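Novice: 3D, please:
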Amino acid sequence: YQRRVRDLRAAFQILTDCGPLIGEPLYGVRFNLVDCVLHEAAIYRTSPYILPPVIQVCSGLILAADPILFEPMFQMKVCVTNEYVGTVIGVLVSKRGNATNMTEKGPKLSVVIGTLPVSESFGINEYLLEKTQGKAQTSLSFSHYERLGGSMSDVDSLMYKIVTKIREKKNMPNLKEASDYFDKL
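Specialist: Predicted coordinates for the structure are as follows:
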């Protein structure tokens, strides 16, 4: 039965390489296999009979466990004249970011440092130049990952909307309920 254990391990590897939410790798997931009964006929103990049900039930377990997503965050440094500091902070907040530090560099110049989700950063330079009448210089660098707010059970949450948007972009089918992955008698 050692080959069947390798099949189970392969099923877990396939699932963690391509998770059920958005098809991306899973991190921090653990499955406790407590008991396993294999069919007595050898033909039903082969990979085609083991992989799909293991992947299916584990996908359902992940969805039932209220999964979370982490999104990449940029650190954003903006050099701007003092009169537009409030505008820069307003732009950050409107893009789901926040200002973490502000320092004055002389009598007329300030540096605003903040964080911004990578997904909200596209076109940010042009937007800031427009809002500050060309008086802002921006630099972005990767900072960290941050937990995305909301849950899949709340249709109005940010997480649900982003997962739906990503699944549409990747041409993935609509996400099924966790209970749809389990056998019913």
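
Novice: point out where this structure drops to low pLDDT.
Specialist: The model of the chain has pLDDT under 70 over residues 1-5, 36, 38-49, 185.

Novice: what segments of it are strands?
Specialist: 70-81, 98-104, 109-117, 136-147 (DSSP state E).

Novice: want to try CSV for the ones you listed, with distance to residue 89 and mean neighbour count as columns?
Specialist: For the C-beta atoms, the positions are set from N, CA and C on the backbone; glycine is no exception. Formatted as CSV, the strands of the chain follow (distance: least, Cβ to Cβ, whole Å; neighbours: other Cβ atoms under 10 Å):
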stretch, distance to residue 89, mean neighbour count
strand 70-81, 9, 18
strand 98-104, 5, 12
strand 109-117, 6, 18
strand 136-147, 12, 14
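
Novice: of those strands, which is nearest residue 15?
Specialist: Proximity to residue 15, assessed across the strands of the chain by Cβ to Cβ, is greatest for strand 70-81 (18.2 Å).

Novice: so which elements touch the closest one?
Specialist: Applying 3 or more Cβ pairs under 8 Å, 6 or more residues apart in numbering; DSSP states H and E, one finds that strand 70-81 contacts helix 85-94, strand 109-117, strand 136-147.

Novice: what's in contact with the last one?
Specialist: Under the criterion Cβ atoms under 8 Å, 6 or more residues apart in numbering, residues 68-80, 84, 88, 115-118, 121, 124-125, 128-129 lie in contact with strand 136-147.

Novice: test my guess that residue 159 contacts residue 153.
Specialist: No. Residue 159 lies out of contact with residue 153 (Cβ atoms under 8 Å); the separation is 9.7 Å.

Novice: ok, these two, which is more surrounded?
Specialist: Under the criterion of other Cβ atoms under 10 Å, the comparison of residue 159 against residue 153 puts residue 159 first, with 20 against 12.

Novice: what about the closest residue to that one other than its chain neighbours, how many residues close to it?
Specialist: Nearest non-adjacent residue to residue 159, counting by Cβ to Cβ, 6 or more residues apart in numbering: residue 150, 3.5 Å away. Other residues lying near residue 150 total 18 when counted by other Cβ under 10 Å.

Novice: isn't residue 150 right up against residue 160?
Specialist: Yes. Under the criterion of Cβ under 8 Å, residue 150 makes contact with residue 160 at 6.0 Å.

Novice: and the gap between residue 89 and residue 15?
Specialist: 42 Å (Cβ to Cβ, to the nearest Å).

Novice: that older thread, and the helices and strands packed on strand 70-81: which comes nearest residue 103?
Specialist: Of all those, strand 109-117 comes closest under Cβ to Cβ, at 5.1 Å.

Novice: list the helices and strands the closest one packs on?
Specialist: When contacts are defined as 3+ Cβ pairs under 8 Å, 6+ apart, strand 109-117 sits against strand 70-81, helix 85-94, strand 98-104, strand 136-147.

Novice: how about a markdown table for these, with distance to residue 7 added?
Specialist: Converted to a markdown table, the helices and strands packed on strand 109-117 look like this (distance: least, Cβ to Cβ, whole Å):
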| stretch | distance to residue 7 |
| --- | --- |
| strand 70-81 | 30 |
| helix 85-94 | 49 |
| strand 98-104 | 47 |
| strand 136-147 | 32 |
